[in-house]
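# Structure, please.
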Amino acid sequence: MREEYLWDRSGPPDPEIEELERTLAPLRLRAHQQAPPRAYWRFAAAAAVIVLAMGVARFAVPRPEVTAWELGGAKVRRGQLLRPAGGAVQLESEAVGRVDIAPGSEVLASGGKRLELRRGELSAFIWAPAREFVVDTPSARAVDLGCRYTLNVDEHGDGLLRVSMGWVAFEAGGHESFIPAGAECRTRKKGGPGVPWYAESSQAFRAALADWENRQPGALDSVLREAGPRDGLSLWHILTRVSGQERGRVFDRLAQLVPLPAEATRDGALRGDAQSLDRCWDALGLQNTGWWRGWERRWSE
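Numbering: from 1, shown residues only. Here you go, the predicted model:
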């Protein structure tokens, strides 16, 4: 409320006060009129109480808490919805990093260092400690592990993540995907995070993987046939999502492409033994399981 206008009309008018003035205009006292009846004063007193209550209500409602982000030097508050129209905008935080939001996107500042990408695209360059920056999407949660990446969400709520530095983890509904630099991963509103692949993988392998995720008959045969040494990342994720005979076939192909340690036994993999699956992961030459198990516990708490 503009208090100056309320008390002495010296400030800019407040739309709600102007509306109240128009309502009370018929009761305005003019020089040639007699003193207004007592009913007028009762009405005026009630109006004053309403005006005072409006002012108190405005001052009593707390403003949403600020987040870690700034936009154009101004603090971004929790619950603020960002919809760039004319061009990209950049969120900045000395403690977290930079996030560029593409035109036509819709991003919610959900609190602290967290964002929610409802649609569109954002590019993040994060220097905060791993696990602190999180982006929620309609189909999965992206957990930063110290990295640079681009995340897209289409009109259906499906997403695509491309990592250019560091690591990102996708999680939803008990499914997890670990995406290192140079890899990409889809996430679907109905199925959650998919199987990541390296951008350098062959077109035939990527097509076969897309068919497998879309449950096309015979797609697993194509995936195993087209897989190369760098596709162990994808095969490991598939190994954790199939069972029975299919799991045995995936393990055998992984063992052909990647030297597995003795602890990574076929019987253990068939049983879904966590130690055998972890040793298969370690054989890929990426971060070991002790590292990502640690961040998994921290951000899921």
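# Is residue 186 within a helix or a strand, and which one?
For residue 186, the host element (DSSP states H and E) is strand 183-188.
# what about that strand, average pLDDT?
For strand 183-188, mean pLDDT rounds to 96.
# Parallel or antiparallel, which strands does the helix or strand following that strand pair with?
Using DSSP H and E, the helix or strand that directly follows strand 183-188 along the chain is strand 192-193. Looking at strand 192-193 with DSSP bridges, its partner strands are strand 183-188 (antiparallel).
# Show residues contacting the partner strand.
Here strand 183-188 makes contact (CB atoms under 8 Å, 6 or more residues apart in numbering) with 137, 139-140, 158-163, 170, 172, 177, 179, 193-199, 213, 233. The way it works is simple: take the backbone N, C-alpha and C, and place the C-beta from them, glycine included.
# among these, which ones are buried?
137, 139-140, 158-159, 161-163, 170, 172, 177, 179, 193-198, 213, 233 (16 or more other CB atoms under 10 Å).
# what sits against residue 82?
71, 76, 89, 91, 101, 105, 106, 107, 108, 109.
# So which of the residues you listed sit within strands?
Mapping these onto strands (DSSP state E) picks out 71, 76, 89, 91, 101, 106, 107, 108, 109.
# mind giving me the domain ranges of the chain?
Domain ranges of the chain: 3-60, 66-194, 201-301, per automatic domain parsing.
# pLDDT (mean, whole number) over the first one?
What domain 3-60 shows for mean pLDDT is 52.
# where in the stretch 201-301 of the chain is pLDDT low?
288-301 (pLDDT under 70).
# all strands for the stretch 101-250 of the chain, in order.
106-111, 114-126, 134-136, 141-144, 148-153, 159-165, 167-172, 175-180, 183-188, 192-193, 197-198 (DSSP state E, counting those that start in this stretch).
# what's the closest of the ones you listed to residue 265?
Nearest to residue 265 among these is strand 175-180; the distance by CB to CB comes to 22.1 Å.
# What helices and strands are in contact with the closest one?
When contacts are defined as 3 or more CB pairs under 8 Å, 6 or more residues apart in numbering; DSSP states H and E, strand 175-180 sits against strand 159-165, strand 167-172, strand 183-188, strand 192-193, helix 232-239.
# got the angle between that strand and strand 183-188?
Counting by axes from the mean of the first three to the mean of the last three CA atoms, to 10 degrees, strand 175-180 lies at 150 degrees to strand 183-188.
# Paired strands for strand 175-180, with orientation please.
strand 167-172 (antiparallel).
# residues making contact with the partner strand?
Outside strand 167-172, the residues touching it (CB under 8 Å, 6+ apart) are 130, 139-147, 149, 161, 176-181, 185, 187, 192-193, 287, 292, 295-296, 300.
# ok so, going back, want to try TSV for the strands of the stretch 101-250 of the chain, with distance to residue 258 as columns?
Shown next, in TSV, are the strands of the stretch 101-250 of the chain (distance: least, CB to CB, whole Å):
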stretch	distance to residue 258
strand 106-111	39
strand 114-126	30
strand 134-136	31
strand 141-144	26
strand 148-153	25
strand 159-165	21
strand 167-172	19
strand 175-180	15
strand 183-188	16
strand 192-193	22
strand 197-198	14
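# Any idea which of those gets closest to residue 241?
Here strand 175-180 is closest among the strands of the stretch 101-250 of the chain (CB to CB), at 7.6 Å.
# How far off centre is the closest one?
15 Å (CA atoms, centre = their mean, to the nearest Å).
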